[in-house]
Each structure stands twice: as C-alpha cells, then as structure tokens.
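> dropping the sequence and predicted coords here.
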Amino acid sequence: MIRNTAVVLAAIIVGIVAMQPFVLLQAYFTAGRSFQGLGPELLLRALDILPVAVAAAGIGAVAAFGIRTDQPEKWAVGMAAVVGVLLVASFSYVAPQWSAWVAVAIQTVLPAAVTWIVFRTVWTHRHRAVG
C-alpha cells in the first residue's frame, strides 16, 4: 500500500510537470485576446482544457505503470476520482448560473474520464505484453 501511495503522489507530480508547457501555450494564445463567434470560442475552450487533459493522461499513465494490484478497475476509478478532487479543489468560485455549473462539471468529469481511459489502456497493454 505504501508503494501504491508513493506511485499516486509521483503520478500527480508528473501530471503537474507535464501540463506546464501547455499552460504556457494556452497563455500565449489567449492572453489579452478576444474571441468572437462559435469557432474561436470552441478553440478557446479546447485550449482551456488541454493542459488539464495532458495532466490527467500523465497521471493515469504513470499510475498504471507503477501501481501493483489485482483490482485495476478500482484503481482506475480511484485515480479518476483523485483527478476530479484535485480539479474541484482548484475552482475558487462557481457562478449561480446553471451554465457555469455545467461548465465546471464538464471541466471536472472530462479529465477524470481521460485519466480512467489512459489508466485502463496502459494497464491492459502492459499486462497483455507481460502475461
């Protein structure tokens, strides 16, 4: 259990480090710019979620390589929950409009799903190659 806890902490650190270039990229393309229309707005939203998605994928991959368990599905859900909790903890304000709640839910669930998918994919391929 101590090993798996250390792997989870290492995965979080790797995820934070992996997202830094994408945070800079996001700031470069969006700082001081205004976007009008649906296409540019979608691009802006994609740039907003990209750093978090990269971090979530990094966390899922590192955890899948390092965690030793015979219950990978529970660990995949657990890692997705860790990502969700970290994201919810990072939001400091949610507006009273329902659209803001939906946006926060999407920004939380989508990276958590990325973590789950990457964990399951890496775990399956890793154990298929070994076993």
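Received the coordinates, thanks.

> could you name the helices and strands sitting against the helix or strand where residue 115 lies?
In the assignment (DSSP states H and E), residue 115 maps to helix 98-130. On a contact count with 3 or more C-beta pairs under 8 Å, 6 or more residues apart in numbering; DSSP states H and E, helix 98-130 meets helix 38-66, helix 72-90. (Glycine included, C-beta is placed from N, CA and C.)

> residue 126 and residue 65: what is the separation?
Taking C-beta to C-beta, to the nearest Å as the measure, residue 126 falls 7 Å from residue 65.

> quick one: low-confidence parts of this structure?
Along the chain, segments meeting pLDDT under 70 span 92-95, 129-131.

> give me the nearest residue to the residue minimising distance to the centre of it, chain neighbours excluded.
Using C-alpha atoms, centre = their mean, the residue of the chain that lies closest to the mean C-alpha position is residue 56, 2.4 Å off. In this structure, residue 56 finds its nearest non-sequential neighbour in residue 111, 3.8 Å apart by C-beta to C-beta, 6 or more residues apart in numbering.

> next, count neighbours for that neighbour.
26 (other C-beta atoms under 10 Å).

> how close does it get to residue 125?
21 Å.

> please apply the same query to residue 51.
25 Å.

> which one's more surrounded, the two?
Set side by side, residue 51 and residue 125 show more neighbours around residue 51, with 22 against 11, by other C-beta under 10 Å.

> ok so, going back, wait, the residue nearest to residue 56 touches residue 83, no?
Yes. Residue 111 lies in contact with residue 83 (C-beta atoms under 8 Å); the separation is 5.5 Å.

> who touches both of those two?
Shared contacts of residue 111 and residue 83, defined by C-beta atoms under 8 Å, 6 or more residues apart in numbering, are found at 55, 56.

> spatially nearest residue to residue 76, not counting backbone neighbours?
Nearest non-adjacent residue to residue 76, counting by C-beta to C-beta, 6+ apart: residue 119, 4.2 Å away.

> got the contact list for that neighbour?
Residue 119 sits next to 60, 61, 63, 64, 72, 75, 76, 79, 80 when contact means C-beta under 8 Å, 6+ apart.

> noted, bye for now.
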